[in-house]
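> no FASTA, just this:
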């Protein structure tokens with residue numbers, strides 16, 4: 001596998017497609033891998049612990065079938081190879097308990113998905129640019 005910039009864990013096909021389009025438009029040559037649910041995400045992180053390069057950013061949906069984002073977050077944070085990787089919880093939930101639990105489990109940012117197409121694309125672009133261009137990553 002070549003360089004992996006962003007892992008997008010999103011069960012909604014429309015949100016995932018829009019996010020990938022927005023990221024590729026905002027960031028030249030960005031490599032995005034989409035995982036469709038929590039089960040697929042846990043399998044990926046468990047079986048790829050020997051990757052030469054960790055993702056620069058993980059975008060994680062909270063409300064997913066099978067295994068929710070909080071369970072995925074707990075497990076990801078237990079893997080040494082991605083323990084310090086920035087994780088942005090990207091969700092429609094504004095519930096205080098979800099926000100608190102997400103931060104307690106180690107997310108770096110909690111973003112509520114905007115409803116409008118343009119605002120969603122703008123938000124995703126901003127997140128990608130910030131974490132891949134502005135933020136200094138840990139090596």
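Here it is on my side, so go on. Note that the structure is predicted; figures quoted are calculated from it, not measured.

> so what's the backbone phi/psi at the residue most central in space within the chain?
Centroid check for the chain by Cα atoms, centre = their mean gives residue 59 as the closest residue, at 1.1 Å. Backbone torsions of residue 59, given as degrees, to the nearest 10, read phi -100, psi 120.

> what does residue 88 give?
phi -110, psi 120.

> grab the nearest non-local neighbour of it.
Spatial nearest neighbour of residue 88, excluding adjacent residues (Cβ to Cβ, 6 or more residues apart in numbering): residue 109 at 4.5 Å. Yep, even glycine has a C-beta here, placed from its N, CA and C like the rest.

> so what's that neighbour up against?
With contact taken as Cβ atoms under 8 Å, 6 or more residues apart in numbering, residue 109 is in contact with 86, 88, 89, 127.

> return the member of those nearest to residue 5.
Closest approach to residue 5 among the contacts of residue 109 (Cβ to Cβ): residue 86, at 11.4 Å.

> the closest one against residue 60, yeah?
No: the criterion here is Cβ atoms under 8 Å, and residue 86 misses it with residue 60 at 10.6 Å.

> give me the more crowded residue out of the two.
Shown here are residue 86 and residue 60; by other Cβ atoms under 10 Å, residue 60 has more neighbours (25 against 21).

> and that one, that one's in a strand?
Yes: counting by DSSP: H, G, I helix; E, B strand; the rest coil, residue 60 is part of a strand.
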